[in-house]
Structures are given as structure tokens and as C-alpha cells.
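In: Give me the fold of what follows.
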Amino acid sequence: MYVFFVSGIFMSLFIAALLFSKRSKALNDKILGSWMFVIALHLSGFYINQESYWLLFPHLIGVTAPLPLLHGPLLYLYTLYSLRGDKKIRYVDYLHFIPAVISYLYMSNFFFFYSEEQKLSVDNGEINDFNLFSEVLLVMILLSGISYAILAYRLTIKHKIILENRYSFREGVSLRWLRISIVGIGLVFCLAILIFIFKNDFELVLPFNSEYVFYTIMILFIFYFGYYGIRHENIFAVNSSNIPTSTDNFREKYRNSGLSYDQSIALHNKLISYMLEYKPFLNPRLTLSDLSKMLGCSPNQLSQVINQHSVVNFHDFINKYRVEEFIERAQNNKGFKLLSIAMESGFNSKSSFNTIFKKHTGLTPSGFLKGVDS
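Out: Model (predicted):
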């Protein structure tokens with residue numbers, strides 16, 4: 001079992017080294033690399049404790065205790081800066097590390113002024129100087145993990161809305177893996193809270209070592225998150241401040257867009273004519289910025305007219321034309337494979353084609369065409 005933990009320590013250090021050695025590393029790579037290093041330290045502390053190495057190195061007792069307070073902030077900051085184009089962390093974001101700093105400051109007396117014998121006595125529960133602090137620290141860690149998981153997940157949902165207003169495709173821009181990771185981390189902290197409550201309030205004796213479960217999940221998380229984190233490129237960071245997230249606040253969102261209502265109507269008419277005549281949707285990698293350049297307007301203005309007058313986001317607007325193009329081509333080329341026709345209509349994968357087609361028509365492509373032919 002301990003071989004598994006040692007492999008987790010080395011894997012987290014290896015992933016951190018890979019991230020820091022990337023040629024074109026972004027800020028989110030540096031944050032993830034730092035997080036992996038923190039996880040390595042955290043796992044090392046657990047391993048040293050389980051192997052009773054505190055007896056050989058008592059001055060190391062408690063060194064890693066506040067480290068779990070860093071997991072939540074680092075998860076949140078990694079998510080935040082994966083969705084932004086910043087080169088440096090904003091000063092305000094350093095405030096997320098204050099609880100960990102305060103915890104270390106509180107323990108400084110223990111680190112520097114307790115003897116080896118006193119530290120061992122504290123670790124064995126013979127001296128209760130830090131019993132209350134340990135309980136408070138555990139509660140802080142659990143609440144921090146849950147809170148930051150919720151905040152990080154909300155960021156990904158907001159960003160999903162932004163992407164749908166900017167891109168006509170999802171391959172390469174989807175952060176589904178990140179949302180899955182965040183949900184998984186949140187569930188682990190929820191489980192930890194339940195175990196904490198049952199053990200302390202109901203004095204429940206578990207038939208297994210809960211620490212092994214949590215640390216095993218952490219190691220599995222290292223493999224999953226590290227793999228996708230290394231692959232993830234920060235090339236789709238967008239500024240969310242100009243993108244509306246609902247159809248109820250257009251007037252407020254676009255007050256400073258520079259378009260009057262009549263101008264927005266005129267631009268929308270121009271957009272529809274351009275879509276029908278030039279069919280830019282046939283480009284499977286079409287973006288809001290690309291189309292705005294073709295129309296001679298700003299991306300924000302184009303987003304405005306699509307949201308206001310078509311009452312859909314950019315992603316659905318473009319793919320509606322692709323679906324219609326596919327139906328027309330499929331009816332005129334019945335001998336061709338549906339996937340080939342879909343690719344010619346602007347789709348770039350079978351899965352996205354099937355999903356989008358069913359969303360717009362309520363049927364699968366083959367089912368829809370059978371209904372048309374019957």
C-alpha cells in the first residue's frame with residue numbers, strides 16, 4: 001500500500017516538473033505545478049507519519065498540517081486563470097492564502113520553541129496545547145474545500161455560457177474534464193464532513209481507515225487532473241465582462257455598445273443576408289471574432305444582435321444554419337454517407353453533429369430523414 005503512496009508522491013513531483021518545464025507555459029500551468037508540489041508535500045507528510053518517521057525527525061511534526069488549506073484556493077485559482085488571459089496573479093487573489101499563513105503563524109511557537117520531547121508528546125496527545133486548534137483547523141480545511149469547489153464550479157458554468165457566445169464548436173474548448181474534477185473534489189470533502197460528524201458527534205467507529213480512502217482518491221486525482229492539466233492549453237481565455245448571460249438584461253448589458261435599436265436591426269438583417277449568401281458557417285472553426293470581422297462590426301455588437309434579435313447564443317445560431325444546410329444537402333445527395341454530408345455542412349465531429357442535430361430537431365439525423373422521406 002505504501003508503494004502506492006510513494007508512487008503518488010513521485011508522480012505529483014513529476015507532473016509539477018513537466019508543467020514548470022513547458023516552453024509555452026501559461027499562468028494556470030504554474031498554478032497547477034505549484035499545486036502538485038503542495039500535494040507532494042501533503043502526501044509526504046502522511047507517509048512519514050504512517051511510517052513513524054516522526055520518531056526519527058520530531059522537528060518535522062506538524063509541518064504539513066495546514067497544507068490542506070491550500071488545496072481549495074489553488075483549485076479555484078487554477079480554474080480562474082484557465083479561463084482568463086492574465087500573465088500574473090492579481091494581488092487580491094493572494095488573500096485566499098491568508099488562512100494557511102495564519103495557521104502557520106499560530107504554530108510558529110510549536111515549530112521553533114517546543115523541544116523534540118514536547119513535540120512528540122503533543123503528537124501522542126499527552127500535551128493538549130493544540131487540541132482545540134487541531135479541531136478548528138480540520139473544520140477550516142473541510143469548509144475551505146467545499147466552498148472553493150463550489151466557487152470553481154460556478155466559474156466553469158459561467159465560462160460555458162461565454163464559450164457558447166463566442167464559438168460555434170466545442171471541441172478543444174470544453175472544460176468538462178475540469179467540471180468533473182471539481183465535482184469529484186467537492187464530493188470528497190462532503191464525504192469527509194459526513195465522516196467527521198459521525199465520528200465526533202455520534203462516535204461512530206468506521207470499519208476502515210478513512211485517511212487511506214482520502215489519500216488514495218487524492219493519488220487517483222493526481223493522475224487524472226495532471227494528465228488533463230498538462231494537455232490543457234490556455235488559448236480560449238476570454239473576457240467575460242462583455243458577454244450577456246441571460247436574455248433579461250440586454251438593455252443594461254449593451255447600453256455602451258454603440259448600437260441604437262435601429263442599427264442593431266440593420267446589423268441583424270445584414271447578418272442574416274450574409275449567412276444565406278456566403279455561408280460562413282461551413283467553416284467548422286468559425287468564431288464570433290471571425291464573423292464580426294466579415295461583417296465589419298465588433299464582436300460585442302455582433303453578440304448583441306444575435307442575443308437580442310435571434311434570442312439564442314452564437315453557438316446555437318451558427319449550428320442552426322449547419323443543421324439546415326445538412327438537411328438540404330442530405331435530401332439532394334441521398335447516396336452519400338450522412339457523416340460526410342455533416343462534415344461538408346460545417347460540423348467537425350460525429351458526436352457534436354448528432355448532439356446538435358437532435359437538439360435542434362428533436363430527432364436523430366437518420367430518424368429525421370426517414371420522416372421526411374415517408
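In: ok now do Met343, which residues does it touch?
Out: Taking Cβ atoms under 8 Å, 6 or more residues apart in numbering, we find Met343 in contact with Pro284. (Each C-beta comes from the backbone N, C-alpha and C, glycine too.)
In: element containing it?
Out: Assigned by DSSP states H and E, Met343 belongs to helix 338-344.
In: and if you look at Val63?
Out: Going by DSSP H and E, Val63 is not part of any helix or strand.
In: what residues are up against it?
Out: Gly45, Phe111.
In: quick one: the helices in the stretch 201-350 of the chain?
Out: 210-231, 250-253, 261-278, 288-295, 299-305, 314-332, 338-344, 350-361 (DSSP state H, counting those that start in this stretch).
In: if I look at Leu191, how far off is Phe214?
Out: Distance, Leu191 to Phe214, by Cβ to Cβ, to the nearest Å: 8 Å.
In: Now list whatever residues contact both of those two.
Out: Shared contacts of Leu191 and Phe214, defined by Cβ under 8 Å, 6+ apart, are absent.
In: Pass me the low-pLDDT residue ranges in the protein, would you?
Out: Residue ranges of the chain with pLDDT under 70: 1, 85, 170-174, 199-208, 231-258, 371-374.
In: Geometric centre of it: which residue is closest?
Out: Nearest to the geometric centre of the chain sits Leu178, at 3.6 Å (Cα atoms, centre = their mean).
In: What residue, apart from its backbone neighbours, is nearest it spatially?
Out: Thr156 (5.8 Å; Cβ to Cβ, 6 or more residues apart in numbering).
In: which residues touch that neighbour?
Out: Thr79, Leu83, Leu175, Leu178, Arg179, Ile182.
In: let's see it at 6 Å
Out: Thr156 sits next to Leu175, Leu178, Arg179 when contact means Cβ atoms under 6 Å, 6 or more residues apart in numbering.
In: Among those residues, find me the one that's closest to His315.
Out: Nearest to His315 among these is Leu175, at 14.6 Å by Cβ to Cβ.
In: Which secondary structure element is home to the nearest residue in space to the closest one that is not next to it in sequence?
Out: Excluding the flanking residues, the one nearest Leu175 by Cβ to Cβ, 6+ apart is Thr156, at 5.4 Å. Using DSSP H and E, Thr156 sits in helix 131-164.
In: re earlier: helix, strand or coil for the residue nearest to the centre of the chain?
Out: Classification of Leu178 by DSSP: H, G, I helix; E, B strand; the rest coil places it in helix.
In: Same question for Ile89.
Out: Ile89 ends up coil, using three-state DSSP.
In: Quick check: it vs Gly226, distance?
Out: Applying Cβ to Cβ to Ile89 and Gly226 gives a distance of 21 Å.
In: how many neighbours does Leu137 have?
Out: Residues near Leu137, counting by other Cβ atoms under 10 Å, number 19.
In: Then Pro68?
Out: Pro68 - counted by other Cβ under 10 Å - has 25 other residues nearby.
In: got it, and Phe4?
Out: Using other Cβ under 10 Å, the number of residues around Phe4 comes to 12.
In: again, but for the one 3 residues further on
Out: Counted with other Cβ under 10 Å, the burial measure for Ser7 works out to 15 neighbours.
In: what about it, helix or strand, and which?
Out: Secondary structure (DSSP H and E) places Ser7 in helix 2-21.
In: Quick check: buried residues in that helix?
Out: Phe5, Gly8, Ile9, Met11, Ser12, Leu13, Ile15, Ala16, Leu18, Leu19 (16 or more other Cβ atoms under 10 Å).
In: Enumerate the positions of the helix or strand following it that are buried.
Out: Proceeding N to C from helix 2-21, the next assigned helix or strand is helix 27-50, under DSSP H and E. For helix 27-50, the neighbour count (16+ other Cβ under 10 Å) marks 27-48, 50 as buried.
In: what do you get for stretch 291-301?
Out: Buried-residue list, stretch 291-301, by 16+ other Cβ under 10 Å: Leu291, Ser292, Leu295, Cys297, Ser298, Pro299, Asn300, Gln301.
In: Using the three-state scheme, assign Ala65.
Out: From three-state DSSP, the assignment for Ala65 is coil.
In: do you know how far the nearest residue to it once chain neighbours are set aside is from Tyr148?
Out: Excluding the flanking residues, the one nearest Ala65 by Cβ to Cβ, 6+ apart is Leu137, at 6.6 Å. Separation of Leu137 from Tyr148 (Cβ to Cβ): 16 Å.
In: Could you do Lys358 as well?
Out: Going from Lys358 to Tyr148 by Cβ to Cβ gives 36 Å.
In: of these two, who's got more company?
Out: A side-by-side neighbour count of Lys358 and Tyr148, using other Cβ under 10 Å, places Tyr148 first with 23 against 15.
In: Please name the nearest non-neighbouring residue to the more buried one.
Out: Spatial nearest neighbour of Tyr148, chain neighbours left out: Gly72 (3.1 Å); criterion: Cβ to Cβ, 6+ apart.
In: tell me which element that neighbour is part of?
Out: Per DSSP H and E, Gly72 falls inside helix 71-82.
In: next structured bit after that helix?
Out: helix 98-113.
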